[in-house]
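*Asks:* Here is a sequence together with a model predicted from it:
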Amino acid sequence: MPLNQNIVNWVSSRVGNRVGNGECWTLAETALRESGARTSNDIMGADNVTANADYVWGDPVTLANLTPGDIIQFRNYVVTVDNGSSWWQETRPHHTAIVASVGANGVVEVLECNVKGSRRVQRNTLYFQTSSSVSISGSWWFYRPQPRT
């Protein structure tokens, strides 16, 4: 998937740096544009891309079909991980991230910014399947970027 690989390469080369204003939407929008993909503005129309919109980034895909370079749109995502002796929780209230890699059991490494108090691009691990140690709530959508024609 050359388009998706271009997206991952572009974002990966910016880990630790700020892209534009450091917003998650700006990172995804810029990465897609720079990689030759349609952006949320292209797909939804600029008038519909508002600060509180659930952005559309391409063709919907499922977790089972998720690949690096796909885009995740979040709404009120909360994951709690409890390993028995300690636990931690992360939230993505209204957020966009780019898939870096897909592991087993719904574990996905993402490239994102404007999380954990930083507007710099970073790699983080998120979860999309519940288990005895992982609980998840909220909504999320997976998108496969479309080439710009």
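*Replies:* Looks like it arrived, so ask away.
*Asks:* Now do the SS call for the residue nearest to residue 69 when sequence neighbours are not counted.
*Replies:* In space, and not counting its chain neighbours, residue 69 is closest to residue 4: 2.6 Å by Cβ to Cβ, 6 or more residues apart in numbering. For every residue, glycine as well, the C-beta is placed using N, CA and C. With DSSP: H, G, I helix; E, B strand; the rest coil as the basis, residue 4 sits in helix.
*Asks:* Is residue 4 in contact with residue 144, as I believe?
*Replies:* Yes: using Cβ atoms under 8 Å, residue 4 is in contact with residue 144, at 7.5 Å.
*Asks:* Secondary structure class of the most centrally placed residue in the chain, three-state.
*Replies:* Most central in the chain under Cα atoms, centre = their mean is residue 97, positioned 1.7 Å from the mean C-alpha point. Here residue 97 is strand, with the state taken from three-state DSSP.
*Asks:* dump the residue contacts of it.
*Replies:* 24, 28, 71, 72, 74, 110, 111, 112, 124, 126 (Cβ atoms under 8 Å, 6 or more residues apart in numbering).
*Asks:* Can you name the residues that contact residue 8?
*Replies:* 68, 69, 98, 99, 100, 111.
*Asks:* any chance you could read off phi and psi for it?
*Replies:* For residue 8, the backbone dihedrals (degrees, to the nearest 10) come out as phi -60, psi -40.
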